[in-house]
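Asker: Attaching a predicted model along with its sequence, questions to come.
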Amino acid sequence: MPRRALYSLQTLDTPRGGKLLAKWLLGLLCVFFVILFLPWQQNIHGKGKVTALSPRNRPQTIETTIAGRINSWKIKEGQFVKEGDTIAILSEIKEKYFDPALLTRLKEVIHSKENSMEKKGQKANALKRQINALEIGMRNKIDQAKAKLEAERVNIANAKNQYERNKGLFEQGNIPLTKFQDYETKYQKGEAEFVNAEIEIQRVEAEYLDKINKAESDLNNTLSEQFDTQAELAKLQNEYVNMEIRSHQYFIQAPQAGFIVKATQAGIGETIKEGDALCTIMPLSNDIAVEMYVKAMDYPLVSKGRKVRIEFDGFPAMQFSGWPSISVGSFGGRVEVTDYVNTRPGEFRILVTPDVNDIAWPSSHLRVGSGIKAWIMLDDVPVWYEIWRNLNGFPPSLYEEPMDEKEDLENKVKTEY
């Protein structure tokens, strides 16, 4: 195309607005290019709620130990109670425990059993003394019988000698027959008395053994009865202690100081079972913390001691996650606990406590269960890297662990080895 044909275009000027727009676009491009190289603090965001660090300071239900009927309430919802204050009083519903004097009657039965066991013990001791006396008597009687046997042995020996001498004299005709028969009769009588003495020893021994066996049998029966009574006494004492403890379970008491926030049972005369929740108590404590959840992909980058920025529900805030220094209305915290197992599918729980070097949390206005948003602060990277990471779905990078985490790991290794 000839040069003259473009003359009309050359005579046209660029509109002023277009030039201004071009300058603005160029300036914005330069600013954007500069921003790409500004430092950006990586973070892991998560949501959660306000809680207490110690389990004993978290809301807990007060349950009944025994079944019963609500007789009266001693508190109302929202009321502050001290440890040991009575919350409600129950009455009995099991017919076994209806008797109001049951403890007194059990005490009387126990006292009777104790006396019975004492008497049986005395009887057992008496039988032992009787057995001992019978054994001593048997030994004495047997000794007497043996002494008599020895005397009869001597007598029969003498009678035998006389009999044998007089027998020779009789055969020689030196003594008459009647005199020889007297010596023969005396010898035979001595033999009979000797046999009787032997039999007497056996009779005495058998008689005393029969008495001793009977006494030992009575002793064994008495000891058996004593053991049975002792077992019954132990059972009654156990029942008495259980009943005494049960009598204190009618009074439902506050396990610690706190506020009654919810009564799960209502009215008077309502029957409840063992283990039923009666109400919920919020312990009085400043042990405040934040419970938040992070994705499993980000969890390996979280370590104890890392700083956290927290935005509480109900407290206006403007949070710039990458530039925490210009954030407004958020509060600082530090990671205190990281769970070793996933709490939810694909998520891990983390407990965060207040950062003592940051603005104090408004603990007097926070309530357990309030929602929060939190950002766990990691390392500084260029903005362009953060944009590129998010476009590719990569997890945040971690260059170096916090010193306290390293120290904890080193101490743990030293302890184990």
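Answerer: Thanks, I have the structure now.
Asker: buried set for the host helix or strand of residue 374?
Answerer: Assigned by DSSP states H and E, residue 374 belongs to strand 371-382. For strand 371-382, burial by neighbour count (16 or more other C-beta atoms under 10 Å) applies to 372, 373, 374, 375, 376, 377, 378, 381. The C-beta positions use only the backbone N, C-alpha and C, and glycine is treated the same way.
Asker: how about the nearest residue to residue 270, chain neighbours excluded?
Answerer: Once its chain neighbours are removed from consideration, residue 270 has its nearest residue in residue 70; the separation is 5.0 Å (C-beta to C-beta, 6 or more residues apart in numbering).
Asker: Wait, a helix at that neighbour?
Answerer: No. According to DSSP: H, G, I helix; E, B strand; the rest coil, residue 70 belongs to no helix; its state is strand.
Asker: who does the strand holding residue 374 pair up with?
Answerer: strand 39-52 (antiparallel), strand 307-312 (antiparallel) (DSSP bridges).
Asker: what's the shortest one in contact with?
Answerer: When you say that, I think you mean strand 307-312. Contacts with strand 307-312, where a contact means C-beta atoms under 8 Å, 6 or more residues apart in numbering, come from 43, 50, 290, 292, 317, 319, 321, 324, 327, 329-335, 352, 355, 361-362, 366, 370-377.
Asker: With only the CA atoms kept, save that strand in PDB.
Answerer: Output in PDB follows, covering the C-alpha atoms of strand 307-312 (Å, rounded to 0.1, in the frame of the first residue of the first chain):
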ATOM      1  CA  LYS A 307       3.100 -19.100  66.300                       C
ATOM      2  CA  VAL A 308      -0.600 -18.800  65.500                       C
ATOM      3  CA  ARG A 309      -2.900 -15.900  64.700                       C
ATOM      4  CA  ILE A 310      -6.400 -16.400  66.000                       C
ATOM      5  CA  GLU A 311      -9.700 -14.600  65.100                       C
ATOM      6  CA  PHE A 312     -12.400 -15.200  67.600                       C
END
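Asker: what mean pLDDT does it have?
Answerer: Taken as a whole, strand 307-312 has a mean pLDDT of 88.
Asker: Can you give the distance of that strand from its chain's centre?
Answerer: Centroid separation for strand 307-312 versus its chain: 37 Å, with C-alpha atoms, centre = their mean, to the nearest Å.
Asker: Moving C-terminal from that strand, which element do we reach first?
Answerer: Downstream of strand 307-312, the first helix or strand assigned by DSSP H and E is strand 331-338.
Asker: packing partners for that following strand?
Answerer: If contacts are counted by 3 or more C-beta pairs under 8 Å, 6 or more residues apart in numbering; DSSP states H and E, strand 331-338 sits against strand 307-312, strand 347-354.
Asker: Make CSV out of those strands and add distance to residue 273 and mean neighbour count.
Answerer: CSV is the format used below for the helices and strands packed on strand 331-338 (distance: least, C-beta to C-beta, whole Å; neighbours: other C-beta atoms under 10 Å):
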stretch, distance to residue 273, mean neighbour count
strand 307-312, 39, 23
strand 347-354, 32, 21
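Asker: Tell me which of these lies nearest to residue 265.
Answerer: Between residue 265 and these, the shortest separation by C-beta to C-beta is 31.2 Å, and it involves strand 347-354.
Asker: Which strands and helices lie in contact with the closest one?
Answerer: For strand 347-354, where contacts count as 3+ C-beta pairs under 8 Å, 6+ apart, the packed elements are strand 288-295, strand 331-338.
Asker: among those strands, which is the most enclosed?
Answerer: Comparing these by mean neighbour count (mean count of other C-beta atoms under 10 Å), strand 288-295 comes out on top with a mean of 21.
Asker: Pairing partners for that strand, with directions?
Answerer: Sheet pairing for strand 288-295, assigned by DSSP bridges, gives strand 39-52 (antiparallel), strand 347-354 (antiparallel).
Asker: ok, back up a step: a markdown table please, covering the buried residues of strand 371-382 and showing distance to residue 139 and pLDDT.
Answerer: Putting the buried residues of strand 371-382 into a markdown table (distance: C-beta to C-beta, whole Å; pLDDT from 0 to 100) gives the following:
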| residue | distance to residue 139 | pLDDT |
| --- | --- | --- |
| 372 | 94 | 89 |
| 373 | 99 | 88 |
| 374 | 95 | 88 |
| 375 | 99 | 83 |
| 376 | 94 | 82 |
| 377 | 98 | 78 |
| 378 | 98 | 74 |
| 381 | 106 | 68 |
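Asker: Now these in TSV, please, with extra columns for distance to residue 135.
Answerer: TSV is the format used below for these (distance: C-beta to C-beta, whole Å):
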residue	distance to residue 135
372	88
373	93
374	89
375	94
376	89
377	93
378	93
381	101
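Asker: what two of those residues are the furthest from one another?
Answerer: Farthest apart among the buried residues of strand 371-382 by C-beta to C-beta are 372 and 381. That separation is 25.5 Å.
Asker: Of the helices and strands packed on strand 347-354, which is nearest residue 186?
Answerer: Once C-beta to C-beta is applied to the helices and strands packed on strand 347-354, the stretch that comes out nearest is strand 331-338, at 113.2 Å.
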